[in-house]
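In: Here's my sequence, what's the structure:
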Amino acid sequence: MGMASKIRILLIERNMKIKDLAEQLGYSGNNMSNKLKEDNFSEKELLKIAEILGCDYKATFVMQDTGKEI
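Out: The predicted structure is shown next:
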């Protein structure tokens, strides 16, 4: 599942619209819609989105052969 899908789920959970999130990020609604469509977010943006949505953001790599998280 891509980050855009996860953000959409969180928006539903928080009863927020894409437009609301865009405004809090200082983006236009069209810009935010494009970022969601392309699933194109920087880690800095994801951290800010997590803050706005009241979530923790954890970016990890998990080794497939050992399950070790890095």
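In: so where does N31 fall, helix or strand?
Out: helix 29-38 (DSSP states H and E).
In: what's around the nearest residue to Y27 once chain neighbours are set aside, how many residues?
Out: Distances taken as CB to CB, 6 or more residues apart in numbering put K35 closest to Y27, at 7.5 Å, once the chain neighbours are dropped. No exception for glycine: its C-beta is placed from N, CA and C like everyone else's. Each residue near K35 was counted by other CB atoms under 10 Å, and the total is 21.
In: Looks like K35 contacts F41 (just checking).
Out: Yes: with contact defined as CB atoms under 8 Å, K35 counts as touching F41 (6.1 Å).
In: shared neighbours of these two, which are they?
Out: Common neighbours of K35 and F41 (criterion: CB atoms under 8 Å, 6 or more residues apart in numbering): A4.
In: any idea where the helices of the chain begin and end?
Out: For the chain, applying DSSP state H gives helices covering 3-13, 18-25, 29-38, 43-52.
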